[in-house]
Structures are given as structure tokens and as C-alpha cells.
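> need a structure here:
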Amino acid sequence: MVAERIKRRLAAILAADVAGYSRLMAADEAGTLAALKAQLGALVEPKIGEHRGRVVKLMGDGVLAEFASAVDAVECAVAIQAAMRASNAALPEERRIVFRMGVNVGDVILDGDDIYGDGVNLAARLESIAEPGGIAISEDAWRQVQGKVAAAFVDMGEASLKNIARPVRVYRVELDGAQAQGQAAPALAVPDKPSIAVLPFQNMSGDAEQDYFCDGMVEDIITGLARIKWLFVIGRNSSFAYKGKAIDIRRVGRELGVRYLLEGSVRKAGARVRITAQLIDALSGAHIWAERYDRPIDDIFALQDEITLSVVGAIEPSLRQAEIERVKRRRPDDLNAYDLVLRALPLVHTVLPKEAGEALLFLDRALALEPDYAAAHGYAAWSHEILYLRGGFREENRAAAIRHAHAARMHGRDDATALALAAFVTGIVEHDRAAASAAFEAAMALSPSSALAYHLGCVIAAWGGEAERAIEWGERGLRLSPFDPLSYLAHHSMALGHFQGGRFEEAVNAARKAIEINPAFSINHLLLAAPLARLGRIEEAKTAAARVLAAQSSFSIGKHFAAVDCAPSLAAALTPALREAGLPE
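Below is the predicted model:
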């Protein structure tokens, strides 16, 4: 009897698994499984398909994929890691799903749909030595992709890998800066007016728990600068994309499209704080201004204003007094309330019901200390909106969201952030679009550089049937904060705007970008299903619709449209497309 000939072929293999999976499972087994399933189904598997790959198998916390081209495999790995970074940006570090990846080119043995052999084993070993969030590739793969992939490679030397007979030369794919976006980021045009980004200040306190205070200091400086009408200020979330990274000043300036960068450090010890700050010309790298401040902690708000005004004065010596006054806004009298709000912010920014509930514990305590604290009311309103729309449509959450939104508007007439949050909740939950529009306009008048106002405002415009306004505001938000984790709201709104305008291919592209940034948000998949159905790509539309129901099993077209007060003309256009995709009415 003649033995069956073993089938082989040359392939590029991508192996990936979740870093720290055991720790995540121990902390929250059900939540980790749900989050991993969402990322694999909504992000990883579609990316593999887009890059002409094949998922060989899913293995608990990992995935094995096969490609005919090493270029496709590496570009796919870079795109997945970029999308994962964007998706994770708003989550607390301990809740993030982070992949390690290995790519190899080698001979594989075929067994039905499965593959085996040294080529697969080496890819798995490379994945095991990659950094969390990183990619390691073999020398064979590197030879195939150098000069063909928009990424840099670092030679890590030879490594002895478990169960691999000979040492293997390993290359690390550089993913910082432009590569974090999946490709070399194009330089953005510098605006005609003065432009600035405030980079995360370094926490010098020796206590990681003080990171929230350091970040809050930077956020307040950004808010103060954004109130200067002639100054273009990059949003907080895009500035914070560089946190913890070694940066090249000129490169950051090109990526964000700004002339100036402010960087510094904070050291908090007992009742005192020391802050250093320096203003740098991003085009030349020259230092324009630097200062060190030592203050008692109870003088922190005056210190923030002093730093802001020093920066503005260095940029524009002829600063008018009216603009100086514009920087200042009402802060809480109680520093403990301010501290509690800073602790709540990262929880609210996840836009997840569980974290929103945790944020409210801090916000309620802040408001007990400072009942007219506008920003605390604004974030409380947003938290209740998250709980209402994603946590069961409970009337008590809707009523609380509206109550806090009204309080934020009443107490925050000079606070653009509070007004933007109040406007969003007023429009999406209370269904008072006229009041929402007025509050958004007031926020933008106070702070023309408020990316948050544009990101939230374009959502209200989109569901209200204002297609062109939704697209315009979405584009403004993206320019003000190019790397913002909340930018999925802009793409979400632009998808709706393009759909309403009959531009279905553009709607598909915008929806895919929204999904890439936030794959766990069910409505992003709805916005992909509708234009795909209109283009006659029914199977793809049904796949997108299935992901809506996987993320939100109780979803129905009528329930969602009623909850967000979808404009009748938009509902009439969306409903038949969503019905055709298989979503329940």
C-alpha cells in the first residue's frame, strides 16, 4: 500500500494571543470572554479578510491565520494592532485586550483546513517573545517585506526559541507614532492661525496613583487654551495618544499639524506641587519659553491659569485683556470635588455601562461637596445616558440624565465642556434638539477648539437628519483631535450623513472606520449593515447585522429609533435597508 503523499505549501503565518490573559480572566471571566469575542468578531477577523488572509483557527485567547503574501500578513498585523490601540485608548489599562503577534514565512503541512509544521511553530514562538501590543517577525519574513510595508523594523538579533533547532534572527515592527495608525501618517497642514498641542506631563511623584492628577492638570491647561478664539488647540484625547512614549518633537508637530508643543512634568508631595513647563517650536525644535512653579496645592487653579497665560503670552505678545479673561472659568471651591471628578473621567470615557456606574459613585460624591459644579453635572448626565441607552432603557436613568444636563447648562454658562455634555444628553435623551443646538453653539463660541463639542454635536445632527452639518462637524472634530478615541462618533455621524445623501460607498467606508476605533459599539455595525444592503451586498450586510445582535441582543429598529428620536426621513431610508439585512423591527 502506497502512503498518502503529505501536502505542503509555502505560506505567511500570523499567530496572535492575548497578553496577560490569565490575569484578565481571574479579574473578570465573563467580561473578558465577551470583550475578546467582540474584538475577534468585529475587528480581527474582518482585518484578516481585508488583507486576503484566512483564519485557520481560533484558540481560546488567540488566533492563527494564513496568507499567501508576507506583505499582506505584516500589513494585517500592523492594522490590527493600530485598531486595537484606538479601541483600547479609552479603557482602563487593567481592562484592555492587548495582542502579541508573530509573523513567519515558511513551509506548512496541510491537514484539511488546518496547517502544521515548523513554519507555524516558529510564528507561535515569535508571538510569545513579542511585546504586548507588538509584532515580532522572522528574518525570512523581513526579507519579503522590507521597503514594501509602511513601517520601520528594528533588528533584535538572534534569539534561541523553545523547540526551534537553530537560533532565529528576529525583527520588531515599530508601531509608535505614525505606525500606530496602521500606516505612515500624512503630515497635516498647519493652520493659518497659531496652533498648539499640550502633551501629557510626566508624573514625577513616584506614585502611579497620581497619574490622574497629572492628567487633570494638563486637561485644564488645554481647556484654558481652547478658550482663546484665535488659537487652534488639539484636543486632549489626541495629545494623550503620546503618553508614555519617547517622542520626536518635529514628528509630533507634523502628525498633529501644529506649530507649538507644550510639555512638562508634575511632582505632587504633601500639600505642595512643583510643575515645570516648556513651550517648543515644533517646526524648528527651538525652545521658546520655560518656567518652573512651586505652589501650595490649594493654589492649583491659579497656577493652571498662570501657565496657560504664560504660554499664550509667549505665542502672542499683544494678547488682549479680554482674551486673558476668557481663559478663566469657574472651578469648584472644594478641591476634593475636583479630585473626585478627575477620578471619574477615565471611567466615563469608556462609554460602557459598568464603568459609567462606577464613575457615578465619584461624581455623586463630588456633587455632594459642590452642588453647582457644572462639569460634574455634565459627566453625570453622560454617565446616566450611557446607562439608559446601553444598560436597559430604565426610566430612572433617563430622568437623571436630563436633570443633570439641565444643571450643567444652568451652572456652566462659561464652561464649554459642561455645555457640550449637556447639549448631547439634551438632544439624544430629552429629544430637545433646539435646546441642544443652542448649547452646542454656546460651547463652540466659548471654546472654538473644543473637539468634544464637535464630536458630540455631529451625532445629534446626524440622527436629527441634518446630513451636511453632521459631516461638516465630524470633519472639524477629526481635525481638532486626529487620534481621539471618541472619533468613532465623527465617523458614525458621517456614515449616517453619507447614507442619507445616497453615497453608500462613502457610508460603508465611514462605518468601517467607526468600527475599527470602537468595535464593541453595536450601532456602528448597524451603520455598516444599512449601506451594504443598499449596495446589494446582502451577505455582508447580514454579517454586520448579526454583530449588532451579538453586542446588543435586545436590539430592535423601532426601539432604537424611538430612543434617539431618529428623524422621520432618516428612519424611512434606514428601516427597509436594515430589515433586508435581517434586523428585527
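> Domains in this protein, by residue range?
Structural domains assigned to the chain are 8-181, 195-327, 334-448, 467-585, following automatic domain parsing.
> of all those domains, which lies closest to His455?
Counting by CB to CB, His455 lies closest to domain 467-585 out of those; the figure is 4.3 Å. Where C-beta positions appear, they are placed from N, C-alpha and C, glycine not excepted.
> Ends of the closest one, what's the gap?
The distance separating the two terminal residues of domain 467-585, taken as CA to CA, to the nearest Å, comes to 24 Å.
> before we move on, what about stretch 276-290?
Stretch 276-290 has an end-to-end distance of 7 Å (CA to CA).
> roughly how far out does that stretch sit from the chain middle?
From the chain centre to the centre of stretch 276-290 is a distance of 28 Å (CA atoms, centre = their mean, to the nearest Å).
> returning to that earlier point: hey, least reliable of the domains of the chain by pLDDT?
If you rank these by mean pLDDT, domain 195-327 sits at the bottom with a mean of 77.
> ok so, going back, tabulate the domains of the chain (TSV), appending distance to Leu456 and mean neighbour count.
Putting the domains of the chain into TSV (distance: least, CB to CB, whole Å; neighbours: other CB atoms under 10 Å) gives the following:
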stretch	distance to Leu456	mean neighbour count
domain 8-181	14	19
domain 195-327	12	18
domain 334-448	4	22
domain 467-585	7	21
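> can you tell which of those is closest to Leu188?
Closest to Leu188 of the domains of the chain, according to CB to CB: domain 195-327, at 2.8 Å.
> Which residues are in contact with the residue most central in space within the chain?
Computing the C-alpha centroid of the chain and ranking residues by CA atoms, centre = their mean puts Pro485 first, at 1.7 Å. Going by CB atoms under 8 Å, 6 or more residues apart in numbering, Pro485 touches 86-87, 89-90, 237, 349, 517-518.
> So which of the residues you listed are in helices?
Judged by DSSP state H, the contacts of Pro485 include 86-87, 237, 517 as members of helices.
> Using JSON lines, please lay out those residues together with distance to Asp72.
Shown next, in JSON lines, are those (distance: CB to CB, whole Å):
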{"residue": "Ala86", "distance to Asp72": "21"}
{"residue": "Ser87", "distance to Asp72": "22"}
{"residue": "Asn237", "distance to Asp72": "31"}
{"residue": "Ile517", "distance to Asp72": "22"}
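> What is the most widely separated pair among the residues you listed?
Between all members of the ones in helices among the contacts of Pro485, the longest pairwise span (CB to CB) is found for Ser87 and Asn237 and amounts to 13.3 Å.
> Show me which of the contacts of Pro485 is closest to Pro448.
So of the contacts of Pro485, ranked by how close each gets to Pro448 (CB to CB), first place is Asn237, at 17.4 Å.
> Once you drop chain neighbours, what's closest to that closest one?
In space, Asn237 comes closest to Asp484 once its chain neighbours are excluded; the distance is 3.9 Å by CB to CB, 6 or more residues apart in numbering.
> Do I have it right that that neighbour meets Ile234?
No - applying CB atoms under 8 Å, one finds Asp484 not in contact with Ile234, separated by 9.4 Å.
> shared neighbours, those two?
Contact criterion CB under 8 Å, 6+ apart; residues bridging Asp484 and Ile234 by contacting each: Ala451.
> which residues touch the residue nearest to Asn237?
Under the criterion of CB under 8 Å, 6+ apart, the neighbours of Asp484 are 235, 237-238, 451, 455, 477-478.
> What's the separation between it and Val71?
Here the criterion is CB to CB, to the nearest Å. By it, Asp484 lies 30 Å from Val71.
> With Tyr171 instead?
Taken as CB to CB, the span from Tyr171 to Val71 is 14 Å.
> cool, Leu110 as well?
Noted for Leu110: a distance of 22 Å to Val71, by CB to CB.
> Equivalent analysis for Ala269, please.
According to CB to CB, Ala269 and Val71 sit 52 Å apart.
> Ok, Glu127 next?
When CB to CB is the yardstick, Glu127 and Val71 sit 19 Å from each other.
> and what of Ala11?
Ala11 sits 13 Å away from Val71, going by CB to CB.
> Lys57 is in contact with Asp114, isn't it?
Yes - look at Lys57 against Asp114 with CB under 8 Å: they come within range, at 6.6 Å.
> Assign a three-state SS to Ala136, would you?
strand (DSSP: H, G, I helix; E, B strand; the rest coil).
> residues in contact with it?
Applying CB under 8 Å, 6+ apart, the residues contacting Ala136 are 100-103, 126-127, 129-130, 156, 170-173.
> hey, where'd the strands end up in this protein?
Using DSSP state E, the strands of the chain run over residues 8-18, 53-59, 62-67, 99-111, 114-116, 135-138, 152-159, 168-174, 195-198, 202-203, 232-233, 260-269, 272-281, 287-296.
> which one of those lies closest to Leu570?
Using CB to CB as the measure, strand 232-233 is the one of these that comes nearest Leu570, at 32.4 Å.
> Just give me the closest of the contacts of Pro485 to Leu363.
Using CB to CB as the measure, the one of the contacts of Pro485 that approaches Leu363 most closely is His349, at 13.2 Å.
> Tell me the spacing between the closest one and Ala90.
Separation of His349 from Ala90 (CB to CB): 4 Å.
> which residues are common contacts for the two?
In the contact map built from CB under 8 Å, 6+ apart, the residues linked to both His349 and Ala90 are 237, 485-486.
> Reformat those as a markdown table; add distance to Gln146.
What follows is these, written out as a markdown table (distance: CB to CB, whole Å):
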| residue | distance to Gln146 |
| --- | --- |
| Asn237 | 34 |
| Pro485 | 32 |
| Leu486 | 36 |
